[in-house]
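Colleague: Could you work out the structure for the sequence below:
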Amino acid sequence: MDENNQQEEQPLTALDLNSLPDRKTTEKRPKPNLGGQEFTIQDVNLFIMPEEKLAKKGTKYKDVLFRVHYDQENYEHYGGVKAFKQNDGEYGPPVIYVEGSSAASQLFKLWLTKVGKTVDDVSFKEFFQGLKGLKVKIVSVATTFQGKGFQKNSIGSFL
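Modeller: Predicted structure coming up:
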């Protein structure tokens, strides 16, 4: 142990180059098609992204990564959650434009139907926390991102 660093240096481990994937550098890790399968939502995470953006009307905001974890190794991201810059310079809590067509707004509307409430009856906190433990059926939806087509697993219904 080094007295100055208070930590023992770990030896470097070389990667076996043959273990690297053969997929092209622009290809993402293949995700399994989970369409038709049933899972339970284990956890929900929100991460405010570092990049500040400017909305059409001049409002500053940051995208919020909305991640839903299932009771197996996969998780899905739902776009459409944002945190807007407030007058005091801080970012407000994450919100969803519920009248929009984003994946997050579609999931929010589906959840409202499941719990039998309206937009006026709930908070976003109740929504995000209320997803945990729910059983869901997944659908596989064809979509495009950055000009490339792929299948996205999404919650199609609550059971």
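
Colleague: how long is stretch 15-22 from one end to the other?
Modeller: This stretch, stretch 15-22, spans 15 Å end to end (CA to CA, to the nearest Å).

Colleague: I should have written stretch 82-89 there, sorry.
Modeller: Distance across stretch 82-89, first residue to last, is 15 Å (CA to CA).

Colleague: same deal with stretch 89-109?
Modeller: By CA to CA, one end of stretch 89-109 lies 31 Å from the other end.

Colleague: could you pull out the strands for the protein?
Modeller: Taking DSSP state E as the test, the strands found in the chain are 38-54, 60-70, 75-84, 95-96, 135-145, 148-158.

Colleague: Including mean pLDDT, mean neighbour count and distance to Val115, could these go into JSON lines?
Modeller: No exception for glycine: its C-beta is placed from N, CA and C like everyone else's. JSON lines is the format used below for the strands of the chain (pLDDT from 0 to 100; neighbours: other CB atoms under 10 Å; distance: least, CB to CB, whole Å):
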{"stretch": "strand 38-54", "mean pLDDT": "93", "mean neighbour count": "13", "distance to Val115": "14"}
{"stretch": "strand 60-70", "mean pLDDT": "94", "mean neighbour count": "18", "distance to Val115": "16"}
{"stretch": "strand 75-84", "mean pLDDT": "92", "mean neighbour count": "18", "distance to Val115": "17"}
{"stretch": "strand 95-96", "mean pLDDT": "92", "mean neighbour count": "20", "distance to Val115": "15"}
{"stretch": "strand 135-145", "mean pLDDT": "88", "mean neighbour count": "14", "distance to Val115": "14"}
{"stretch": "strand 148-158", "mean pLDDT": "88", "mean neighbour count": "15", "distance to Val115": "9"}
